[in-house]
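Asker: Next come a sequence and a model predicted from it.
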2 protein chains.
Amino acid sequence: MAHNDTVERILDAAEILFAEKGFAETSLRSITSRANVNLAAVNYHFGSKKVLIQAVFTRFLDPFAEGLSKTLDDIEAAGKEPELEALIALLFKEVLKVKPRGQNDIKIFMRLLAIAYAQAQGHLRKHLQNIYGTVFRRYLKLVMVAAPDLPLYELYWRINFMMGSVIFTLSDFDTLDAIGQAEHQQKASMEQTMMRLVPFLVSGMQAPRPEDMPERP
Amino acid sequence: MAHNDTVERILDAAEILFAEKGFAETSLRSITSRANVNLAAVNYHFGSKKVLIQAVFTRFLDPFAEGLSKTLDDIEAAGKEPELEALIALLFKEVLKVKPRGQNDIKIFMRLLAIAYAQAQGHLRKHLQNIYGTVFRRYLKLVMVAAPDLPLYELYWRINFMMGSVIFTLSDFDTLDAIGQAEHQQKASMEQTMMRLVPFLVSGMQAPRPEDMPERP
DNA sequence: ATTTGTTTCAAACGATTGTTTGTTTCCCTT
DNA sequence: AAGGGAAACAAACAATCGTTTGAAACAAAT
């Protein structure tokens, strides 16, 4: 219990503080202090702060990627070709499945993703791409089938447009919801906002191709 | 020439380094070193690093907000009610107008926006909101007219969905374009990508309202 | 030419950072 | 009960951070 408990307490504290302030702005001392753990424990168990950051991501993304992979297995086994809306909603369901122990885990998860993208840290990005690239490509193939009239290159960019909407909105959900309450006297939940995202994304993906944009310039 | 030159050289160096590495990861020494300026110059001319960060944003956003404001003046003076597509394309044109001295200024501009959102720095966010909130609200009113069948609260969230796509995609344009070249042997420009964004965003905004989502729960 | 005020500069400040060290404590095996 | 390897600990490490200092260099005005 001793070892494992310390490692997980560090990860718990780290993911919260990283999501709140970012990587560079979060000191190891603030992490170990929140975790009620000795300062040296981080370097003892992880080796360095950089590895700790990667470990935080791994703990989130591994179950997510595994869950997504299994869902894709089921789809392919059933020989189904899901529609665009189902494919997008699928991703949200998968996100909601991850780590049901805490309520605000999804917010942390999304904020970490946003920070990872905002900070073009070479080592982190390639680390994630190397590990989770395979599952992502499997998912992308299904999107291709669901939107057959879209050239591959166009689809590539639209996928990124989608990622932008989702990550941006959900990672800043608390702030955006607070503004929404102040200006419209309505509050939203994360699940509601995901539901709101689906039709926006589906319609965006089904949009006609941009004008004056040759497929191969 | 002495004073003004130093201040602008600091701003030039700061915006590049901030866009590359973020705020906390960029030291004043790296800024002053790149600007060929003494270390103390930052605190002498700006007072603190925090003020320098705000100054970098101001130099970008002031001309942008002013240009947008004038464009909105013209529209209102002409009594026009632009369509959604025109309103969205308008924003991109306004962005392209800002700071024509350098080619990659837009990339820096977008990266700074992304970093500003990712790092929930309280002081910066309120600073921006207080200064540029007025222009933004004027623009929002035009969008309201262009999408009359959309409830205000729904529109609020979709505006944020749009912002997410744009900021996310364009701030990471270099990386995304590099991947696009590797996987599809096609390269894009920032202007092309903006053109690609327009139909995606327009269709997203015109999407049907999400199911099971009462207007006032 | 002298004064006045602004800007630049080298140097140092205290604080905080990630990491390392050597020792102590704990737990398990024999 | 004794031994040994893993873990926790207080303390210190060198490096870097933003900021401050006081003197030097400069410009413009009297």
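Answerer: Perfect, thanks for sending it.
Asker: Get me the contact residues on chain A for DNA strand D.
Answerer: Counting by CB under 7 Å from any atom of the strand, chain A comes close to DNA strand D at A:2-3, A:5-6, A:37-41, A:44-45. Placement of C-beta: from N, CA and C, glycine included.
Asker: and stretch A:14-24, how far from the chain's centre?
Answerer: 15 Å (CA atoms, centre = their mean, to the nearest Å).
Asker: go on, stretch A:143-156?
Answerer: With CA atoms, centre = their mean, you get 22 Å for stretch A:143-156.
Asker: need the helices for chain A, in chain order.
Answerer: A:2-21, A:28-34, A:41-45, A:49-77, A:84-97, A:105-118, A:122-146, A:152-171, A:173-184, A:190-205 (DSSP state H).
Asker: need those in TSV with distance to B:Arg59, mean pLDDT and mean neighbour count, can you?
Answerer: Shown next, in TSV, are the helices of chain A (distance: least, CB to CB, whole Å; pLDDT from 0 to 100; neighbours: other CB atoms under 10 Å in any protein chain shown):
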stretch	distance to B:Arg59	mean pLDDT	mean neighbour count
helix A:2-21	26	88	17
helix A:28-34	33	97	17
helix A:41-45	39	97	16
helix A:49-77	32	94	16
helix A:84-97	38	94	18
helix A:105-118	21	82	22
helix A:122-146	28	83	14
helix A:152-171	24	94	22
helix A:173-184	25	90	15
helix A:190-205	33	96	22
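Asker: Would you tell me which of these gets closest to B:Leu155?
Answerer: helix A:173-184 (9.6 Å; CB to CB).
Asker: picking that back up, from the residues of chain A next to DNA strand D, which is closest to chain B?
Answerer: Closest approach to chain B among those (CB to the nearest CB): A:Leu39, at 20.2 Å.
Asker: what sits against the nearest residue to that closest one once chain neighbours are set aside?
Answerer: Closest residue to A:Leu39 apart from its sequence neighbours, by CB to CB, 6 or more residues apart in numbering or on different chains: A:Thr32 at 4.9 Å. By CB atoms under 8 Å, 6 or more residues apart in numbering or on different chains, the contact list for A:Thr32 reads A:10, A:13, A:38-39, A:41-42.
Asker: Test my guess that A:Ile115 contacts A:Gly22.
Answerer: Yes: using CB atoms under 8 Å, A:Ile115 makes contact with A:Gly22 at a distance of 5.7 Å.
Asker: how much space is there between A:Val202 and A:Ala78?
Answerer: Applying CB to CB, to the nearest Å, the value for A:Val202 to A:Ala78 is 22 Å.
Asker: Sorry, slip of the keys, the one I care about is A:Leu61.
Answerer: Distance from A:Leu61 to A:Ala78, by CB to CB: 26 Å.
Asker: residue contacts, A:Tyr132?
Answerer: A:61, A:65 are the contacts of A:Tyr132 under CB under 8 Å, 6+ apart.
Asker: next one: A:Arg34
Answerer: Neighbours of A:Arg34 in contact, by CB under 8 Å, 6+ apart: A:13, A:16-17.
Asker: Try it again at 10 Å.
Answerer: The contact partners of A:Arg34, by CB atoms under 10 Å, 6 or more residues apart in numbering or on different chains, come to A:9-10, A:12-14, A:16-17, A:26.
Asker: that older thread, quick check: of the contacts of A:Thr32, which lies closest to DNA strand C?
Answerer: A:Leu39 (5.1 Å; CB to the nearest atom of the strand).
Asker: Can you tell me the number of residues neighbouring the closest one?
Answerer: Neighbours of A:Leu39 under the rule other CB atoms under 10 Å in any protein chain shown: 13.
Asker: Could I get the pLDDT score of it?
Answerer: In the prediction, the pLDDT value recorded for A:Leu39 is 97.
Asker: contacting residues for it?
Answerer: Per CB under 10 Å, 6+ apart, neighbours of A:Leu39: A:27-29, A:31-33.
Asker: Can you pull the phi/psi pair for it?
Answerer: phi -60, psi -40 (degrees, to the nearest 10).
Asker: about what we covered before: check the contacts of A:Arg34 against DNA strand C, which are close?
Answerer: Counting by CB under 7 Å from any atom of the strand, the members of those that reach DNA strand C are A:Thr26.
Asker: For the contacts of A:Arg34, work out which two are farthest apart.
Answerer: Longest span within these, CB to CB: A:Arg9 and A:Thr26, 15.4 Å.
Asker: ok, and does stretch A:180-188 reach over to chain B?
Answerer: Yes: under the criterion of CB under 10 Å from any CB of the partner chain, chain B is reached by stretch A:180-188 at A:180, A:183-188.
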